[in-house]
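# A predicted structure for the sequence below; I have some questions about it.
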Amino acid sequence: MTIERAMLMYGLSDKERFECAYPEAQERRPSSTFYADFSVADVYGEKAIRETYHRAFNDWKDNVEMYAELVAALNHKIWAWFEQGVGKYSELYDRLWKKADAYGSEHFKGKDAAYYFQVLD
């Protein structure tokens, strides 16, 4: 049994599953609902996932703290869908993550860049 399936079996919330996947989240609690937002979009398909990504990106691309959480949530979704054997969603989240990470890696400078890389390391 995968960790993801065990967490689902024990009825953990999206937030609790996110925290299990990212132990550093115990030190710094996410203040976003990105993972939950993507979980809702998952139900409606690829178009909803892309729309959720674009809305989050446009709203938070200049806020390093929230943007780092967005990138972390995308990364978690890649692995969650990969472990469930749903390649089309895993691949979509991988494309979105690569795009988001490239932007964050190039856009943030100085203290913001240090924060971004520390959180996502």
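All right, it came through fine. Numbering: from 1, shown residues only.

# Any stretches of this structure with poor pLDDT?
By pLDDT under 70, the low-scoring segments of the chain are 1-30.

# quick one: what helix or strand has the nearest residue to residue 68 once chain neighbours are set aside in it?
Leaving aside its sequence neighbours, residue 68 sits nearest to residue 119 (C-beta to C-beta, 6 or more residues apart in numbering; 4.3 Å). From N, CA and C alone the C-beta is placed, and that goes for glycine too. Element membership of residue 119 [criterion: DSSP states H and E] is helix 110-120.

# ok, residues contacting that helix?
Residues outside helix 110-120 that contact it (C-beta atoms under 8 Å, 6 or more residues apart in numbering): 24, 28, 64-65, 67-69, 71-72, 75, 101, 104-105, 108.

# rerun at 6 Å
Residues from elsewhere that reach helix 110-120 (C-beta atoms under 6 Å, 6 or more residues apart in numbering): 64, 68, 71, 104, 108.

# And for the residue nearest to residue 68, the neighbour number?
Per other C-beta atoms under 10 Å, the neighbour tally for residue 119 reads 18.

# do residue 57 as well
The number of residues packed around residue 57, counting by other C-beta under 10 Å, is 16.

# ok, now the one 5 residues further on?
A count of neighbours around residue 62, defined by other C-beta under 10 Å, yields 11.

# What of residue 63?
By other C-beta under 10 Å, the residues close to residue 63 number 13.

# before we move on, what about the one 4 residues further on?
A count of neighbours around residue 67, defined by other C-beta under 10 Å, yields 27.

# Residue 88 too?
As a burial measure, residue 88 scores 10 neighbours (other C-beta under 10 Å).

# same thing with the one 3 residues further on?
One way to gauge burial is a neighbour count; for residue 91, by other C-beta under 10 Å, it gives 14.

# Could you measure from residue 108 over to residue 52?
Distance, residue 108 to residue 52, by C-beta to C-beta, to the nearest Å: 22 Å.

# Please apply the same query to residue 75.
Using C-beta to C-beta, residue 75 is found at 15 Å from residue 52.

# And for residue 76?
Distance, residue 76 to residue 52, using C-beta to C-beta: 14 Å.

# residues in contact with the residue positioned nearest the centre of the chain?
The residue lying closest to the centre of the chain (C-alpha atoms, centre = their mean) is residue 73, at 1.0 Å. Neighbouring residues of residue 73 by C-beta under 6 Å, 6+ apart: 34-35.
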